[in-house]
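Here you go, sequence then predicted model.
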Amino acid sequence: MVLPHALPLVPTPVSATPGEGRLPITATTRVHGTSPAVAQLLDAVERRTGISLATTPERPAEIELRVDPDAEDAESYTLMIGERAVVTGADEAGLFYGVQTLLQLLREDESGWGLLCADIADAPRFARRGVMLDVARHFFGVDDVKRFIDRTSALKYNHLHLHLSDDQGWRVHIDSWPLLTERAATTSANGDPGGFYTQDDYREIVAHAASRHMIVIPEIDLPGHTHAIGVAYPELVEAPVMNDTLITESERLGQPLPVAGEPYLGWGVGHSSVRIRSERTYEFVRDVVRELAALTPGPYIHVGGDESLGTPQADFDHFAERVTAIVVEEGKTPVAWHEMGSAAGIAEGTVGQYWGKTTPQGSHAEEAAHFAERGGALIMSAADVTYLDMKYTADFPLGLTWAAIIDVRSAYEWEPTAVLDVPDAAILGVEAPMWTETTRTLGEVEQLVFPRAAAQAEIAWSPREGAERSWESFRVRVGSLAPLWKAEGVEFHPSAEIPWSAR
Ligand code: ACM
């Protein structure tokens with residue numbers, strides 16, 4: 001049911017009661033608070049309205065931001081807008097999310113700018129709300145990644161998974177293996193320009209993410225998706241192993257097949273592997289994991305595990321057990337794509353990332369369930385609903401179709417606890433991956449990400465049974481984000497499924 005006066009909020013809050021009227025926002029509106037969220041609010045209001053709000057050390061002020069040390073639920077907040085606006089976070093993250101909600105209630109009408117009156121109490125359903133950006137197929141520089149962080153954290157995402165290596169390129173400098181970025185980072189898919197992050201660049205991304213309450217999860221994809229490693233260090237990888245799909249798809253797309261030691265410019269998968277029975281491989285893996293762990297304050301290192309199509313199963317399982325053990329020894333929690341669940345002895349506590357379909361095929365569900373059996377848990381990235389790189393319609397100019405064609409409604413209508421046969425408590429949350437084979441610019445990325453990232457944000461944040469948790473409500477509420485996205489320059493796809501509002 002759509003309440004006629006539903007507030008224009010995505011993700012929809014736990015409880016939200018609309019009030020009467022608006023709190024005007026003008027150049028005399030003052031903000032009180034000591035949190036970094038104050039400056040973030042001032043900047044956002046100015047970008048949106050051109051109004052520079054003043055801060056004041058005095059109370060009461062028209063807008064107050066505070067953290068309540070007695071509040072219990074992490075990331076929760078309350079927001080009351082009446083004669084004044086008061087945002088109270090249980091912690092700094094909760095306050096940040098309350099400010100994002102407040103910004104969605106900032107609207108312009110005939111009388112000028114104002115905040116819609118409301119009484120809101122809110123907290124996330126899942127602790128894990130992630131997006132992934134593939135910076136390997138195409139490289140995106142520090143400023144692009146910061147913009148991606150700003151726009152996804154505004155939807156209350158709190159994890160950024162960076163896919164830092166693949167067949168097409170290696171994107172983060174590793175001091176102990178310097179040829180990775182010297183030799184294997186210069187190109188992207190289709191022969192487009194590449195790039196890489198220096199360790200200072202990476203630290204800058206991590207710090208910016210932290211300022212928006214996002215944890216960075218770095219991924220080095222292993223043992224497959226490793227052709228680029230062989231461009232830098234040929235002794236670490238096997239010769240490419242072709243598969244039928246790779247050959248026919250490469251021919252259809254006019255892409256070259258992989259050649260050992262040369263940059264790979266196509267986007268076929270499954271042909272590469274590190275040398276699993278060579279001890280030098282594990283020296284390499286340990287050095288990379290150690291350097292990444294030192295650079296990464298978050299608890300996770302993602303070690304890949306997908307699509308090792310040319311690797312014998314026993315070798316793959318051996319590698320999965322060793323690589324997850326190395327991550328634990330280096331002080332982090334391993335994360336892996338669900339295929340690594342085939343290995344009986346993956347490190348206890350390893351987190352699996354399920355990227356099969358909403359109706360699991362083959363051994364995918366079993367592999368995923370093994371993470372829970374080993375004391376780990378799961379991130380749900382069902383490819384036929386969460387993959388942001390799939391086309392919206394068959395004729396959409398960007399994106400791929402192998403998992404599904406995903407319109408906004410299909411992206412919205414799924415339930416992360418209903419896919420696998422594991423206890424609900426084993427589901428940490430949702431991650432929406434953005435693979436970048438077909439996208440060269442951040443604007444192209446945004447066309448695929450928005451509005452569908454808003455759908456996954458609501459699935460991850462909002463209660464399953466909320467009054468507004470329906471497609472009919474969501475499509476109107478997501479349409480109400482258009483003025484915010486336009487003001488921020490977000491190149492969202494104006495899907496015909498959504499009634500986009502003008503202000
Ligand atoms: C994947 O899409 N290969 C994880």
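That came through, no problem.

CA only for contacts and neighbour counts going forward, please
Fine.

Quick check: phi and psi on Tyr77?
Reported as degrees, to the nearest 10, the phi and psi values for Tyr77 are phi -160, psi 160.

Surely it touches Asp119?
No. Using CA atoms under 8 Å, Tyr77 makes no contact with Asp119, being 11.2 Å away.

These two: who's more crowded?
Ranked by neighbour count (other CA atoms under 10 Å), Tyr77 and Asp119 place Tyr77 first, with 29 against 17.

Distance of the more buried one relative to Glu488?
Tyr77 is 24 Å from Glu488, where distance means CA to CA, to the nearest Å.

contact partners of the helix or strand containing Ala320?
Using DSSP states H and E, Ala320 maps to helix 313-329. Outside helix 313-329, the residues that touch it by CA atoms under 8 Å, 6 or more residues apart in numbering are 223, 276-277, 282, 285-286, 289, 301, 303, 305, 308, 333-334, 340, 342-347, 350.

Could you find the closest non-adjacent residue to Tyr157?
Spatial nearest neighbour of Tyr157, chain neighbours left out: Arg129 (4.9 Å); criterion: CA to CA, 6 or more residues apart in numbering.

quick one: that neighbour from Ile379, how far?
9 Å.

again with Ala37
From Ala37 to Ile379 the distance is 29 Å (CA to CA).

which stretches of the stretch 151-300 of the chain form strands?
In the stretch 151-300 of the chain, the segments counted as strands under DSSP state E, counting those that start in this stretch are 159-163, 165-166, 169-170, 215-222, 300-304.

Tell me the strands beside the second one, with direction?
For strand 165-166, sheet partners with direction are given as strand 169-170 (antiparallel), following DSSP bridges.

Surely Arg129 forms part of a helix?
No. Applying DSSP: H, G, I helix; E, B strand; the rest coil, one finds Arg129 to be strand, outside a helix.

since we're on the residue nearest to Ala239 when sequence neighbours are not counted, how many residues are nearby?
Closest residue to Ala239 apart from its sequence neighbours, by CA to CA, 6+ apart: Ala260 at 5.9 Å. Applying other CA under 10 Å, we find 17 other residues in the vicinity of Ala260.

Likewise for Thr17?
14.

and what of the one 3 residues further on?
A total of 10 residues lie near Glu20 under the criterion other CA under 10 Å.

all helices of the stretch 351-500 of the chain, in order?
364-373, 383-386, 408-412, 442-449, 452-461, 471-479, 482-488 (DSSP state H, counting those that start in this stretch).

tell me the SS of the closest residue to Gly376 other than its chain neighbours?
Residue nearest to Gly376 in three dimensions, not counting chain neighbours: Gly349, with 3.8 Å by CA to CA, 6+ apart. Here Gly349 is recorded as coil under three-state DSSP.

ok now do Gly349, which residues does it touch?
Contacts of Gly349 (CA under 8 Å, 6+ apart): Thr333, Pro334, Phe371, Arg374, Gly375, Gly376, Ala377.

Val31: which of the helices of the stretch 351-500 of the chain is closest?
helix 482-488 (20.7 Å; CA to CA).

just checking, what packs against the closest one?
helix 36-49 (3 or more CA pairs under 8 Å, 6 or more residues apart in numbering; DSSP states H and E).

And the helix it packs on, what's buried?
Ala37, Val38, Gln40, Leu41, Leu42, Ala44, Val45, Arg48, Thr49 (16 or more other CA atoms under 10 Å).

swap in stretch 275-293?
275-276, 281-282, 285-293.

Can you give the contact residues for that stretch?
174-177, 218, 223, 236-238, 274, 301, 315-316, 318-319, 323, 326-327, 330-332.

cool, and stretch 241-260?
For stretch 241-260, using CA under 8 Å, 6+ apart, the contacting residues are 190, 227, 230-231, 234, 239-240, 264-272, 309-310.

can you tell me which of these are in helices?
His227, Gly230, Val231 (DSSP state H).

Give me the nearest residue to the last one, chain neighbours excluded.
What that stands for is Val231. Gly261 (4.3 Å).

One more: Tyr392?
Asp407 (4.5 Å).

For the one you found, list the residues it contacts.
Lys391, Tyr392, Thr393.

Nearest to Ile459, out of these: which one, please.
Tyr392 (18.6 Å).

So that closest one sits against Ala403, correct?
No. Using CA under 8 Å, Tyr392 is not in contact with Ala403; the gap is 11.8 Å.

Those two: who's more crowded?
Tyr392 (26 against 18).

Quick one, grab the pLDDT at that one.
pLDDT for Tyr392: 98.

Return the distance of it relative to Leu162.
Distance, Tyr392 to Leu162, using CA to CA: 23 Å.

Now do the same for Pro4: its pLDDT.
pLDDT, read off for Pro4, is 49.

Now, of the contacts of helix 313-329, which are buried?
Once neighbours are counted (16+ other CA under 10 Å), the buried part of these comes down to 223, 276, 282, 285-286, 289, 301, 303, 305, 308, 333-334, 340, 342-347, 350.

Mark which of the residues you listed are part of helices, please.
Using DSSP H, the buried ones among the contacts of helix 313-329 in helices are Tyr282, Val285, Arg286, Val289.

now, the most widely separated pair of these?
Tyr282 and Val289 (10.2 Å).

so who does the closest residue to Glu58 other than its chain neighbours touch?
Closest residue to Glu58 apart from its sequence neighbours, by CA to CA, 6+ apart: His32 at 6.7 Å. By CA under 8 Å, 6+ apart, the contact set of His32 is Val38, Thr55, Thr56, Pro57, Glu58, Arg59, Pro60, Ala61, Glu62, Ile63, Glu64, Leu65.

could you redo the last one with a cut-off of 7 Å?
His32 is in contact with Thr55, Thr56, Pro57, Glu58, Arg59, Ala61, Ile63, Glu64, Leu65, counting by CA atoms under 7 Å, 6 or more residues apart in numbering.

what's the answer for Val206, then?
Contact analysis of Val206 by CA under 7 Å, 6+ apart lists Val216.

Distance-wise, check it relative to Glu92.
Remark: distance between Val206 and Glu92 (CA to CA) = 17 Å.

Show me where the stretch 101-250 of the chain has its helices.
142-153, 179-183, 199-211, 227-232, 244-253.

What number of neighbouring residues does the residue lying closest to Val45 once chain neighbours are set aside come out with?
Spatially, and ignoring its direct neighbours in sequence, Val45 is nearest to Ile51 (6.6 Å; CA to CA, 6+ apart). Using other CA under 10 Å, Ile51 has 18 neighbouring residues.

likewise Leu9?
Close neighbours of Leu9, defined as other CA under 10 Å, add up to 24.

Please identify the helix or strand for it.
Per DSSP H and E, there is no helix or strand for Leu9.

Would you mind confirming that it makes contact with Arg477?
Yes. In this structure Leu9 lies within contact range of Arg477 using CA atoms under 7 Å: 5.9 Å.

List the contacts of Ile25.
Under the criterion of CA under 7 Å, 6+ apart, the neighbours of Ile25 are Trp113, Gly114, Leu115.

change it to 10 Å
45, 49, 51, 53, 62-63, 106-108, 112-115 (CA atoms under 10 Å, 6 or more residues apart in numbering).

and it, how far is that from Ala418?
Taking CA to CA, one finds Ile25 at 44 Å from Ala418.

same deal with Glu321?
From Glu321 to Ala418 the distance is 28 Å (CA to CA).

just Lys146 next, same as before
From Lys146 to Ala418 the distance is 33 Å (CA to CA).

Same drill for these two, tell me which one is more crowded.
Per other CA under 10 Å, whichever of Lys146 and Ala418 has more neighbours is Lys146, with 19 against 11.

That one is in contact with Val216, isn't it?
No. Applying CA atoms under 10 Å, one finds Lys146 not in contact with Val216, separated by 11.8 Å.
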